[in-house]
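>>> Need a 3D model of the following:
(2 chains)
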Amino acid sequence: MMRPLLISRVLTLTVCILLLQGCGTTNVQSSNSFPDLLIKPRPLRAAVVLTPEFSSYKAVPNKATTLEIGAAQSSILTQVFSALIDNVTFVESVDTLEQPLDIIIRPSVVAVQLAVPSGNYLNVYEVWIKYNLAISDSDDQLLANWFMPVYGKTADSFMLQKKNAISAATDIALRDIGAKLAMDFYRIPALQGYLNDRQREQ
Amino acid sequence: MQKIPLIIAILLLAGCAATTTIDEYRSSDRQLDIEVNETVALLGRRDAGHYETDAEFVECVGDNLSSTQLKVLPEAELMDALYPWLEPRTAPKGLLRMRQLMQEGPLIKSAVKDYGIRYFVWLDGSTETAGQSGSMSCAAGPGGAGCFGFATWDKTSIYEAIVWDLDAFSEVARVRVDSEGTSYLIGAVAPIPLLTPVKNDACKGIGQQLHNLFNPK
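Residues are numbered from 1 along each chain as shown, chains lettered A, B, ... in the order given. I've put the predicted structure just below:
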């Protein structure tokens, strides 16, 4: 006689815990560890400006979620540009630059979007981050504003805790920065044209 | 005595197993020789917009395939080793692109050699749920909670493994597995799930076929 009562009480408790778990703000911190890139760097002198705002950036895609991606995005961009360019310096501000450079890159976050199962009616979490790379020449004249969208999603969020699922999707989106830049950085038309001109001049 | 029909129903439904069909194509009948220092690498396809081969399935096939004589490089390790060239955006979907990638990038060729990757296995497919019927109602109150009803759904798994030989840059085998089955959920105060392991059967089927394909020396 005791068993059905015990089972029903356990069920009530489980349901209450599950319901309460869905409440509150989700604060996600991304991983700062990414693998080395298999890319041969090109001979180029460049500076990448990673401002303190960029390195400590917190995205708020909705009122219930905060993504702390600043440190992770600085980390992956440092790795990617170190692999793409053989002479690259990372600074917080252009004021500290002294040596002559071929290009200056200023990354910034344009938008962050998050899709959760309750919103997209799919059993997945998705994260989009849109970056802008402002690329300037040796005189700090703007060559191009290159928009770079990156994307990550969980394969199946069933049984995944919301925080872990968003964190996994964000990490995949940040890994996508490496893939996107490896494929397209030297194909940016304005940059390609500028580098070709410089090579011809030399 | 009142529980007997319920027990009989559960036992009958539990007997409903998944049906698994395996199609295999090989360019020749002979097994694929693999040396002690060589590795089989597994990667799931993730380029399709509406589905992607889940990492859990790829891991399951890897576990079924690996043995003391056959070394398998897990997917996550492979993607890190060749980063960023096996990401969804960059992974070579055809042999021609793979060859081009290894010729253009000496670092990639060197990493493939360092890890001893001889055979590259693409896993492509998904598990879909369809034919859901029945209903289950759960309620909770101060005195307790319970679920009542009956629900059933069908699952279909279709997966394909394509094996590339990275020494010869050729496709050497293709294995396809279809698995389907029906699962049930019975609500009798506590929900009793009778799940048919459709995906697991597909994983075992494809893993076993791939295992038989290789001849570790």
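>>> could you check the distance from the nearest residue to B:Phe169 once chain neighbours are set aside over to chain A?
Excluding the flanking residues, the one nearest B:Phe169 by Cβ to Cβ, 6 or more residues apart in numbering or on different chains is B:Arg99, at 4.8 Å. In short, each C-beta sits where N, CA and C put it, glycine included. Noted for B:Arg99: a distance of 16 Å to chain A, by Cβ to the nearest Cβ, to the nearest Å.
>>> what helix or strand is B:Arg99 on?
helix B:95-104 (DSSP states H and E).
>>> elements contacting that helix?
Under the contact criterion of 3 or more Cβ pairs under 8 Å, 6 or more residues apart in numbering or on different chains; DSSP states H and E, helix B:95-104 touches helix B:106-114.
>>> Can you spell out which helices and strands pack onto the helix it packs on?
Using 3+ Cβ pairs under 8 Å, 6+ apart: helix B:106-114 touches helix B:95-104.
>>> Let me see the ranges of the strands in the chain.
In the absence of a named chain, this looks at chain A. Secondary structure of chain A by DSSP state E: the strands cover A:26-29, A:42-49, A:58-62, A:65-68, A:85-91, A:103-115, A:126-136, A:142-153.
>>> not what I meant, chain B
B:19-26, B:32-34, B:39-44, B:71-73, B:117-141, B:144-165, B:170-194, B:214-216.
>>> In CSV: those strands, plus mean pLDDT.
CSV is the format used below for these (pLDDT from 0 to 100):
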stretch, mean pLDDT
strand B:19-26, 69
strand B:32-34, 92
strand B:39-44, 96
strand B:71-73, 95
strand B:117-141, 89
strand B:144-165, 90
strand B:170-194, 88
strand B:214-216, 91
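>>> Which one, of those, ends up nearest to chain A?
strand B:144-165 (3.0 Å; Cβ to the nearest Cβ).
>>> buried ones in that closest one?
Using 16 or more other Cβ atoms under 10 Å in any protein chain shown as the test for burial, strand B:144-165 gives B:144-147, B:151-165.
>>> what do you get for stretch A:141-152?
Neighbour-count burial for stretch A:141-152 [16+ other Cβ under 10 Å]: A:Leu143, A:Ala144, A:Trp146, A:Met148, A:Val150, A:Tyr151, A:Gly152.
>>> Show me the contact partners of that stretch.
A:103, A:110, A:126-137, A:168-177, A:180-181, A:184, A:188-191, A:194 (Cβ atoms under 8 Å, 6 or more residues apart in numbering or on different chains).
>>> And stretch A:74-81, by the same measure?
Here stretch A:74-81 makes contact (Cβ under 8 Å, 6+ apart) with A:32-34, A:36-37, A:46, A:48, A:50, A:54-55, A:88, A:90, A:105, A:107, A:174-175, A:177-178, A:181-182.
>>> Can you give the distance from that stretch to the centre of its chain?
Centroid separation for stretch A:74-81 versus its chain: 10 Å, with Cα atoms, centre = their mean, to the nearest Å.
>>> What mean pLDDT does it get?
Regarding stretch A:74-81, the rounded mean pLDDT is 97.
>>> buried sites along that stretch?
Applying 16+ other Cβ under 10 Å to stretch A:74-81 flags A:Ser74, A:Ser75, A:Ile76, A:Leu77, A:Thr78, A:Gln79, A:Val80, A:Phe81 as buried.
>>> ok, now stretch A:86-98?
In stretch A:86-98, counting by 16+ other Cβ under 10 Å, buried: A:Val88, A:Thr89, A:Phe90.
>>> if I pick the residue lying closest to the last one once chain neighbours are set aside, what's in contact with it?
The spatially closest residue to A:Phe90, leaving aside those adjacent along the chain, is A:Val48, at 5.2 Å (Cβ to Cβ, 6+ apart). A:Val48 sits next to A:Leu77, A:Thr78, A:Phe81, A:Val88, A:Thr89, A:Phe90, A:Val91, A:Ile104, A:Ile105, A:Arg106, A:Pro107 when contact means Cβ under 8 Å, 6+ apart.
>>> Check those residues and tell me the two furthest apart.
Farthest pair in these (Cβ to Cβ) is A:Thr78 and A:Ile104. Separation: 15.4 Å.
>>> Please enumerate residues in contact with the longest helix along chain B?
Longest helix in chain B, counting residues (DSSP state H): helix B:198-213. Contact partners of helix B:198-213, identified using Cβ under 8 Å, 6+ apart, comprise B:18, B:20, B:22, B:24, B:26, B:31-32, B:40, B:57, B:60-61, B:63-65, B:67, B:70, B:121, B:123, B:125, B:127, B:155-159, B:161, B:163, B:173, B:175, B:177-181.
>>> tell me the average confidence for it?
Rounded mean pLDDT across helix B:198-213 is 91.
>>> excluding its backbone neighbours, what's nearest B:Arg45?
B:Arg45 sits nearest to B:Asp124 (Cβ to Cβ, 6+ apart), 4.0 Å away.
>>> And that neighbour, how far from B:Leu107?
Going from B:Asp124 to B:Leu107 by Cβ to Cβ, to the nearest Å gives 27 Å.
>>> for A:Ile39, same thing?
A:Ile39 is 7 Å from B:Leu107, by Cβ to Cβ.
>>> More neighbours: the two, which one.
A:Ile39 (21 against 15; other Cβ atoms under 10 Å in any protein chain shown).
>>> Backbone dihedrals for that one, both of them.
phi -140, psi 140 (degrees, to the nearest 10).
>>> With A:Thr51 as the reference, measure out to A:Asp95.
With distances taken as Cβ to Cβ, A:Asp95 is found 12 Å from A:Thr51.
>>> swap in B:Gln69?
54 Å.
>>> higher neighbour count, the two?
Between B:Gln69 and A:Thr51, A:Thr51 has the larger neighbour count (other Cβ under 10 Å), namely 16 against 11.
>>> Let me see the contact set for that one.
Applying Cβ under 8 Å, 6+ apart, one finds that A:Thr51 lies in contact with A:Glu92, A:Ser93, A:Arg106.
>>> Now for the last one: which residues touch it?
Meaning A:Arg106. Applying Cβ under 8 Å, 6+ apart, the residues near A:Arg106 are A:Val48, A:Val49, A:Thr51, A:Leu133, A:Ala134, A:Ile135, A:Ser136.
>>> closest to B:Asp47 among those?
For the contacts of A:Arg106, the nearest to B:Asp47 is A:Leu133 (24.8 Å; Cβ to Cβ).
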